[in-house]
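*Asks:* What follows is a predicted structure for the sequence shown.
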Amino acid sequence: MKSAGIAIFGFGALLLGACGGLAQPQEIGLTAQGMTYVPSWVEVDAGTPVKLTLVNEDALEHDFSILEIPVASVSEADPMSAEHEMEMGESAMEPVLHVAAEAGATNHVSFTPTKPGSYEFYCTVPGHKEAGMVGTLVVNAP
Ligand SMILES: [Cu+2]
């Protein structure tokens, strides 16, 4: 009986988090400059919405992508990322998280990570990952 009660409570908390009701979003700022992300190591808590802002200070387009990560909800503010995705063309893998910013622009993506772990993020523009545009998103247990 006791464990069932806890399970139901946990589920309710998760729903609230997904709706963005009580939980304050965790705001993360990433800057793309000189083929690197600053910072390249980011930590967030599972179950709490994350608002990630990508600031592109370079003279070329960059993006932030995570191929596979369990998330409860994803929203993008700027439709530009959809166009960008068309240009990516032949890459067969579609990232779960993807936000692009043109040179000098800022864009953001909101999502709620659901599973603790360590996830690699990178830039999908050809050659950029190889040039060092990779980083780690650590999702901590709440
Ligand atoms: Cu890039």
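*Replies:* Received the coordinates, thanks.
*Asks:* Which strand residues bridge the spatially most central residue of the chain?
*Replies:* Geometric centre of the chain, nearest residue: Leu97, 5.2 Å, by Cα atoms, centre = their mean. On the basis of DSSP bridges, Leu97 is bridged to Ile66.
*Asks:* For this protein, name the helix or strand with the lowest mean pLDDT.
*Replies:* Between all helices and strands in the chain, the lowest mean by mean pLDDT, DSSP states H and E belongs to helix 2-19, at a mean of 48.
*Asks:* quick revisit: next up, the contacts around the residue nearest to the centre of the chain.
*Replies:* Contact analysis of Leu97 by Cβ atoms under 8 Å, 6 or more residues apart in numbering lists Phe64, Ser65, Ile66, Ile69, Val71, Val74, Val109, Phe111, Phe121. To be clear about C-beta, it is placed using only N, CA and C from the backbone, and glycine gets the same treatment.
*Asks:* mind running it again at 10 Å?
*Replies:* Contacts for Leu97 (Cβ atoms under 10 Å, 6 or more residues apart in numbering) come out as 50, 52, 63-69, 71, 74, 76, 109, 111, 113, 119, 121, 137.
*Asks:* Tell me the buried residues within those residues.
*Replies:* For the contacts of Leu97, a neighbour count by 16 or more other Cβ atoms under 10 Å gives the buried set as 50, 52, 63-66, 69, 71, 76, 109, 111, 113, 119, 121, 137.
*Asks:* In strands, which of these fall?
*Replies:* Counting by DSSP state E, those place 50, 52, 63-66, 71, 76, 109, 111, 113, 119, 121, 137 in strands.
*Asks:* about what we covered before: tell me which helix or strand comes right after the least confident helix or strand of the chain.
*Replies:* Per DSSP states H and E, the first helix or strand lying C-terminal to helix 2-19 is strand 26-33.
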